[in-house]
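Trainee: my questions are about this predicted structure, shown below with the sequence.
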Amino acid sequence: MTKKDLLRGLPKIDEVLKQESLVVLSEEKGDLTVTEAVRAVIAELRASILDLGEGGAEDFDASVLDIKAVAGAAEAKVLRDEELNLYPLINATGTILHTNLGRAPLCADAVENVARVSRGYSDLEYNMPKGKRGSRHDLVSDLIAELTGAEDAMVVNNNAAATMIVLASMGKGKEIVVSRGELVEIGGAFRIPDIMMQSGAYLQEVGTSNKTKASDYENAIITKEQLENYEFACMDPRGGMRFETGALMKVHKSNYDIVGFTEEASLEELVEIGKKHGLPVIFDMGNGLMLDMSAYGLNEPNIPASLATGIDVMLFSGDKLLGGPQAGIIVGKKKYIKAMKKHPLARAMRVDKMTFAALEATLMKYRDPKVALRDIPVLRMISASGDEMREKAERLADALKRVDPSLSLELVPVEDQIGGGSAPMVRLPGWAVSVKDGMKSADRTERKLRKAEVPVVARINEDRLLLCVRTIADSELETVAEAFRK
């Protein structure tokens with residue numbers, strides 16, 4: 001058989017499309033989609049034939065040219081091309097806010113509310129009682145104010161956006177005084193100084209990386225009167241231009257910590273300095289902790305307590321310790337929030353109805369802290385005890401044994417993390433199931449789990465595959481076990 005014979009054996013597109021399986025598929029997926037798939041399969045076969053070397057035609061498997069085989073390949077291509085790139089998986093790493101795995105899982109009511117609101121139309125920007133246009137900014141602002149003690153609130157699409165609009169609204173053309181030890185870099189190499197530059201505000205660093213006193217902030221304040229003094233302007237030891245101070249800013253070190261010989265100014269001290277000089281104080285909290293979680297080893301500042309110090313504006317993420325959807329939430333004095341809502345950037349950074357639906361349902365849980373701890377997955381995972389984790393690990397081990405009795409299993413204590421740029425020094429005592437699958441290496445088993453129908457992302461430590469149960473929901477235990485089925 002020659003190349004020409006093989007090329008002549010390629011079926012015609014029209015003939016392939018007459019196959020019953022593709023006729024049915026065309027009704028479901030559309031004629032154009034199926035036709036393009038058939039054309040692509042035949043083009044690929046033609047290219048593979050033309051690439052055959054001398055004598056290669058004799059070894060070519062001509063059965064792939066059969067009209068039914070081509071139809072089957074086209075059907076498989078259509079289904080493969082329709083696979084979604086964003087799909088659910090099981091987090092067995094023990095890192096609660098795993099940024100690569102989507103951070104906070106939503107509570108059941110949030111998921112239900114997203115589906116309810118997104119199926120059809122909604123009152124996103126419609127004032128139902130008045131029968132006229134409304135503002136999406138009003139949807140959750142009262143609820144956030146109620147929970148936090150703030151005068152007003154605003155929601156944008158993430159905390160970096162919140163930082164940008166806060167600085168653009170309150171500090172454009174002015175200096176924002178920040179400690180050198182708080183010039184953080186968040187995920188994806190986004191740095192506070194870079195965000196500040198884009199906002200039009202000028203960064204005024206004070207203190208050192210390990211020690212910044214309240215007096216450092218106060219000494220850096222520049223008034224309009226001082227700037228008008230030519231001699232003072234020339235005395236800047238850095239030699240650069242200085243600008244009027246617009247605000248004092250504190251950034252919570254939520255994704256790292258500095259220990260040892262350290263000092264930092266408190267919010268109370270900054271508020272006192274701000275009042276003395278007529279300057280607002282901004283607190284970029286980042287992690288969004290609403291409740292006091294110190295009883296569970298999480299000694300992080302919480303939103304209501306931070307606002308109670310008298311700060312003017314505060315911003316934080318929605319999908320970290322708050323346990324909601326991705327969002328940047330800004331709370332504080334009404335005069336500042338009102339200006340942000342009218343800022344040109346507000347439209348570019350606004351969130352959609354699905355984010356509001358998930359956020360409102362999540363926030364509702366915080367009206368009763370006990371309900372929040374019970375229903376919000378992030379808080380439930382943080383507050384789970386070591387005994388609870390051990391019992392869950394035992395249940396997972398039992399499920400694994402039922403699926404494959406040949407597995408070598410061991411229950412091991414582990415230290416789980418919160419992750420997501422939150423509480424980097426906190427370790428939560430937990431339990432994991434160490435799994436050895438015959439002679440397979442931990443890496444090979446880990447790859448197998450990622451290829452399961454419902455992928456499982458596990459942890460490898462000292463060449464042991466660990467299934468950390470803190471981040472595995474009770475309803476997922478059997479699914480994890482099924483991933484090991486031969």
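Mentor: Perfect, I can see it now. What you are looking at is a predicted structure, and each value in this text was computed from that prediction instead of being measured. Residues are numbered from 1 along each chain as shown.

Trainee: just the element for residue 379, please.
Mentor: helix 377-383 (DSSP states H and E).

Trainee: helix or strand right after that helix?
Mentor: Proceeding N to C from helix 377-383, the next assigned helix or strand is helix 386-403, under DSSP H and E.

Trainee: on that earlier part again, now the helix holding residue 379: average pLDDT?
Mentor: The pLDDT scores in helix 377-383 average 97.

Trainee: surely residue 154 touches residue 330?
Mentor: Yes - look at residue 154 against residue 330 with Cβ atoms under 8 Å: they come within range, at 4.6 Å. C-betas here are computed from N, CA, C, even on glycine.

Trainee: what touches both of those two?
Mentor: 337, 340 (Cβ atoms under 8 Å, 6 or more residues apart in numbering).

Trainee: what is the neighbour count of residue 294?
Mentor: 10 (other Cβ atoms under 10 Å).

Trainee: contacting residues for it?
Mentor: Not one residue lies near residue 294 by Cβ under 8 Å, 6+ apart.

Trainee: go on, the one 4 residues further on?
Mentor: Shown here is residue 298, whose contacts under the criterion Cβ under 8 Å, 6+ apart are 289, 382, 418, 423, 426.

Trainee: residue 181 now?
Mentor: By Cβ under 8 Å, 6+ apart, residue 181 lies in contact with 207, 208, 209, 210, 211, 212, 253, 258, 262, 264.

Trainee: report the longest strand in this structure, please.
Mentor: strand 408-419 (DSSP state E).

Trainee: which of the residues in that strand are buried?
Mentor: Going by neighbour count (16 or more other Cβ atoms under 10 Å), the buried part of strand 408-419 is 409, 414, 416, 417, 418, 419.

Trainee: and that strand, what does it pack against?
Mentor: Strand 408-419 is packed against strand 95-97, helix 386-403, strand 428-436, strand 464-468, with contacts defined by 3 or more Cβ pairs under 8 Å, 6 or more residues apart in numbering; DSSP states H and E.

Trainee: before we move on, back to that, from the contacts of residue 181, which has minimum pLDDT?
Mentor: residue 258 (65).

Trainee: still on that earlier bit, elements contacting the helix holding residue 379?
Mentor: Here helix 377-383 touches strand 95-97, helix 369-375, going by 3+ Cβ pairs under 8 Å, 6+ apart.

Trainee: closest one to residue 348 among the ones you listed?
Mentor: Closest approach to residue 348 among the helices and strands packed on helix 377-383 (Cβ to Cβ): strand 95-97, 26.4 Å.

Trainee: what are the contacting residues of that closest one?
Mentor: 103-104, 319-321, 378, 381-382, 416-422, 470-471.

Trainee: in the stretch 251-400 of the chain, where is pLDDT below threshold?
Mentor: 254-260 (pLDDT under 70).

Trainee: could I get the full set of strands for it?
Mentor: 281-286, 313-317, 328-332 (DSSP state E, counting those that start in this stretch).

Trainee: now those as JSON lines including distance to residue 341 and mean neighbour count?
Mentor: Below are the strands of the stretch 251-400 of the chain laid out as JSON lines (distance: least, Cβ to Cβ, whole Å; neighbours: other Cβ atoms under 10 Å):
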{"stretch": "strand 281-286", "distance to residue 341": "17", "mean neighbour count": "26"}
{"stretch": "strand 313-317", "distance to residue 341": "13", "mean neighbour count": "27"}
{"stretch": "strand 328-332", "distance to residue 341": "9", "mean neighbour count": "28"}
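
Trainee: and residue 403, which of those is closest to it?
Mentor: Going by Cβ to Cβ, the one of the strands of the stretch 251-400 of the chain nearest residue 403 is strand 313-317, 38.0 Å.

Trainee: run me through the strand neighbours of the closest one, direction for each.
Mentor: Applying DSSP bridges, strand 313-317 is found paired with strand 281-286 (parallel), strand 328-332 (antiparallel).

Trainee: with distance to residue 439 added, can I get those strands in a markdown table?
Mentor: Shown next, in a markdown table, are the strands paired with strand 313-317 (distance: least, Cβ to Cβ, whole Å):
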| stretch | distance to residue 439 |
| --- | --- |
| strand 281-286 | 46 |
| strand 328-332 | 49 |
